[in-house]
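Trainee: sequence and predicted structure, then a few things I'm wondering about:
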Amino acid sequence: MLQTSRSRATRTGSHRPRRLKATALLASAVSVCLLAASAPVAPAGVGDRLFPNLGNPGYDVQSYDLSFTYPGTNSKPLQAVTTMRALTTSALDHLNLDFAHGKVESVDVDGEPAKFADAGEDLVVTPDKPLTAGSWTRITVRHTSDPESAEGEDGGWVRTDDGLAMANQADAAHLVFPCNDHPSDKAMFTIRITAPNGYTVVANGVPTDKERAGKTTTWTYRTRHPMATELAQVSIGRSSVMHRDGPHGLDVRDVVPTKDRKELEPWLAKTPDQIAWMESKVGPYPFETYGVLMAEASTGFELETQTLSLFEKGLFTEPAYPKWYVESIMVHELSHQWFGDSVSPRTWSDLWLNEGHATWYEALYAEEKANKPMEKRMKAAYGASDGWRAAGGPPARPKAPAPGQKISIFRPNVYDGAALGLYALRQEIGGPAFERLERAWVTVHRDGTATTADFERLASEISGRDLSGFFKAWLYGEKTPPMPGHPDWKPTAPDAKHGKNAKPSKNTKAARTGKAAKTAKAGK
């Protein structure tokens, strides 16, 4: 995710077999889930430090089949059917799904009707027969999916001028469909959407079918790589899909409002070269397709939904934004396809691995393509870093989200603050070792999940040094350590007038408001 100046204050594993990933996550929390037959229905979670009730223990989802029927207006609920195929990792007499913003009509488990009840933001399903550990199960939920914002909730469906899109990060996929809504449990997706003729529908992955029946058309898409629920994307609108060739014959498909395609084409034409640039830094693009979804909506952020990144159309049509700035934002979301999508965080405390790397390549692109020095940006970030740590926690141990503002974990400490840690690491181990680390990271953990500890181990292995002390200081310390190679860099004293630290680099992503936003817009 990358918040822009239009943002409101409130919104913004190692590579092991996939079937074992849920078991590996917070094993101590899994023990809490042992669901005795006599226990009352209650919310469950995998024990994530920032989102303790998110996700559900006891099973590992292998695939989702999502079917939505769009009624032709984005103000009414969609009829939906969600089918999950999962492998149980514990004996279960009932299991929890995350789901909080729709009406459940029926639930089947392995083809047989099952009882169900709400418990907080969970849907608790009780099958007719208990499920044994290590068994396959299929859960089918018939429900509605409401595009109207849930009270006190951020994310889920985004209502655009001509339809809908999705923005599920960090914890909002379960506002759209029942799921195991935690990035530790990635799965394959099949997505079917039926909409009135005249609408264009695009989703993650590649199209596999398009069938017209009377006044409606059903579009089907499938992913070829596992995906976290927070990265799901569906676009329904009066749109055009524009195709072009990317590196190595990659299909680059962009989705834009049909009426704006000519105006937006110069921006879209930049994507293939941006992909080639990223490949030159970290290796082959990890997925089956890529593209930009330009939505007519006011979200205040851009989002790295897998294979189809979500952008506000206004980012590309606002003349005050310098071209280099817009292009660097495009690269930020593109780089997430490697860092965050292909290699997903095992817990939300590992968020810095997503946003720090995306900010790093955004800044590196601006340096190489627009002569915006990385060192200057990092020096400014160093000056502000102590303030960011005080406000949001150190990069790898961010403070919990504010009440009613769950995505407030997306603070400067996990953007430029985390990129600053990567800069320090490159200073510490040298450019060649750092570049080997980056390539190895996205190769070793491709299509999987990983933790901060995994990154530390790989960095130590590649550098041939024990870097535990370095990472402890840079990722967990309350104060910013001295910068290797720059003993003259000092923290900036708080602004006495406003009680805040001096503003960070003009391109900081988590707080483009006030002076920082105006500076970026002016191109100064």
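Mentor: Good, I have the coordinates.
Trainee: just confirm H248 is within a strand.
Mentor: No. With DSSP: H, G, I helix; E, B strand; the rest coil as the criterion, H248 is assigned helix and is not in a strand.
Trainee: relative to M242, how far out is it?
Mentor: Remark: distance between H248 and M242 (Cβ to Cβ, to the nearest Å) = 19 Å. Quick note: C-beta positions are derived from backbone N, CA and C, even for glycine.
Trainee: what's the local residue count around L95?
Mentor: Neighbourhood size, L95 [other Cβ atoms under 10 Å]: 28.
Trainee: what's the spacing between it and F116?
Mentor: Per Cβ to Cβ, L95 is found 10 Å from F116.
Trainee: ok, R465 next?
Mentor: For R465, the distance to F116 (Cβ to Cβ) stands at 53 Å.
Trainee: more neighbours: which of these two?
Mentor: For R465 versus F116, the count of surrounding residues by other Cβ under 10 Å is larger for F116: 22 against 14.
Trainee: hmm, back to that, and for L95 and F116, which residues touch both?
Mentor: Taking Cβ atoms under 8 Å, 6 or more residues apart in numbering as the contact rule, L95 and F116 both touch 124-125.
Trainee: give me the more crowded residue out of H248 and M242.
Mentor: A direct count of neighbours by other Cβ under 10 Å for H248 and M242 places M242 higher, at 17 against 10.
Trainee: tell me the secondary structure at that one.
Mentor: Look at M242: counting by three-state DSSP, its state is strand.
Trainee: now T220
Mentor: Three-state call for T220 (three-state DSSP): strand.
Trainee: looks like L66 contacts T140 (just checking).
Mentor: No. Assessed by Cβ atoms under 8 Å, L66 is found out of contact with T140, at 11.4 Å.
Trainee: between the two, point out the one with more neighbours.
Mentor: Each of L66 and T140 has its neighbours counted (other Cβ under 10 Å); L66 has more, 23 against 18.
Trainee: now the more buried one: which helix or strand?
Mentor: Per DSSP states H and E: L66 is located in strand 59-69.
Trainee: am I right that F470 is in a strand?
Mentor: No. When three-state DSSP is applied, F470 is found to be helix, with no strand at that position.
Trainee: how far away is L303 from A396?
Mentor: 22 Å.
Trainee: again with D447
Mentor: Applying Cβ to Cβ to D447 and A396 gives a distance of 23 Å.
Trainee: these two: which is more packed in?
Mentor: A396 (26 against 17).
Trainee: once you drop chain neighbours, what's closest to the more buried one?
Mentor: Distances taken as Cβ to Cβ, 6 or more residues apart in numbering put L475 closest to A396, at 3.7 Å, once the chain neighbours are dropped.
Trainee: SS state for the one you found?
Mentor: helix.
Trainee: does it touch R389 like I think?
Mentor: No. At 10.5 Å, L475 does not count as touching R389 under the criterion of Cβ under 8 Å.
Trainee: tell me which of those two has more neighbours.
Mentor: Higher neighbour count among L475 and R389: R389, with 23 against 20, using other Cβ under 10 Å.
Trainee: next, work out how far apart that one and E318 are.
Mentor: According to Cβ to Cβ, R389 and E318 sit 32 Å apart.
Trainee: give the next helix or strand downstream of whatever helix or strand Q274 lives in.
Mentor: Assessed by DSSP H and E, Q274 sits inside helix 271-282. Heading C-terminal from helix 271-282, the first helix or strand you meet, by DSSP H and E, is strand 289-290.
Trainee: so the nearest residue to Q62 once chain neighbours are set aside versus S344, what's the distance?
Mentor: Leaving aside its chain neighbours, Q62 sits nearest to R85 (5.2 Å; criterion: Cβ to Cβ, 6+ apart). Here R85 is placed at a distance of 20 Å from S344 (Cβ to Cβ).
Trainee: pick out whichever of these two has more residues nearby.
Mentor: S344 (28 against 16).
Trainee: now for the more buried one: which residues touch it?
Mentor: Going by Cβ under 8 Å, 6+ apart, the list of residues near S344 reads 183-184, 186, 228, 448-450.
Trainee: let me know the secondary structure of it.
Mentor: strand.
Trainee: per-residue pLDDT of it, please?
Mentor: As predicted, S344 sits at a pLDDT of 98.
Trainee: what's across from it in the sheet?
Mentor: Here S344 shows beta-bridge partners T449, assigned using DSSP bridges.
Trainee: in which helix or strand does L425 reside?
Mentor: Short version, using DSSP H and E: L425 is in helix 416-429.
Trainee: by contact count, what packs against that helix?
Mentor: Applying 3 or more Cβ pairs under 8 Å, 6 or more residues apart in numbering; DSSP states H and E, we find helix 416-429 packed against helix 351-370, helix 374-392, helix 431-444, helix 452-463, helix 468-476.
Trainee: can you put these in JSON lines and add distance to D162 and mean pLDDT?
Mentor: Compiled in JSON lines, the helices and strands packed on helix 416-429 are given as follows (distance: least, Cβ to Cβ, whole Å; pLDDT from 0 to 100):
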{"stretch": "helix 351-370", "distance to D162": "29", "mean pLDDT": "98"}
{"stretch": "helix 374-392", "distance to D162": "36", "mean pLDDT": "97"}
{"stretch": "helix 431-444", "distance to D162": "36", "mean pLDDT": "98"}
{"stretch": "helix 452-463", "distance to D162": "41", "mean pLDDT": "98"}
{"stretch": "helix 468-476", "distance to D162": "43", "mean pLDDT": "98"}
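Trainee: closest one to A269 among these?
Mentor: For these, the distance to A269 is smallest for helix 351-370, at 14.9 Å, taking Cβ to Cβ.
Trainee: that closest one vs helix 468-476, what angle?
Mentor: Between helix 351-370 and helix 468-476, the angle comes out at 90 degrees (axes from the mean of the first three to the mean of the last three Cα atoms, to 10 degrees).
Trainee: in PDB, list the C-alpha atoms belonging to helix 351-370.
Mentor: Extracted in PDB, the C-alpha atoms of helix 351-370 (Å, rounded to 0.1, in the frame of the first residue of the first chain):
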ATOM      1  CA  LEU A 351       5.000  -5.400   7.200                       C
ATOM      2  CA  TRP A 352       8.300  -3.500   7.000                       C
ATOM      3  CA  LEU A 353       9.600  -6.200   4.600                       C
ATOM      4  CA  ASN A 354       6.800  -5.100   2.200                       C
ATOM      5  CA  GLU A 355       6.800  -1.400   2.500                       C
ATOM      6  CA  GLY A 356      10.500  -0.900   3.300                       C
ATOM      7  CA  HIS A 357      11.500  -2.700   0.100                       C
ATOM      8  CA  ALA A 358       8.800  -1.000  -2.000                       C
ATOM      9  CA  THR A 359      10.000   2.400  -0.800                       C
ATOM     10  CA  TRP A 360      13.600   1.400  -1.400                       C
ATOM     11  CA  TYR A 361      13.000   0.600  -5.100                       C
ATOM     12  CA  GLU A 362      10.700   3.600  -5.500                       C
ATOM     13  CA  ALA A 363      13.600   5.800  -4.200                       C
ATOM     14  CA  LEU A 364      16.200   4.000  -6.300                       C
ATOM     15  CA  TYR A 365      14.100   4.400  -9.400                       C
ATOM     16  CA  ALA A 366      13.800   8.200  -8.700                       C
ATOM     17  CA  GLU A 367      17.500   8.400  -8.200                       C
ATOM     18  CA  GLU A 368      18.400   6.600 -11.400                       C
ATOM     19  CA  LYS A 369      15.700   8.000 -13.700                       C
ATOM     20  CA  ALA A 370      15.000  11.400 -12.300                       C
END
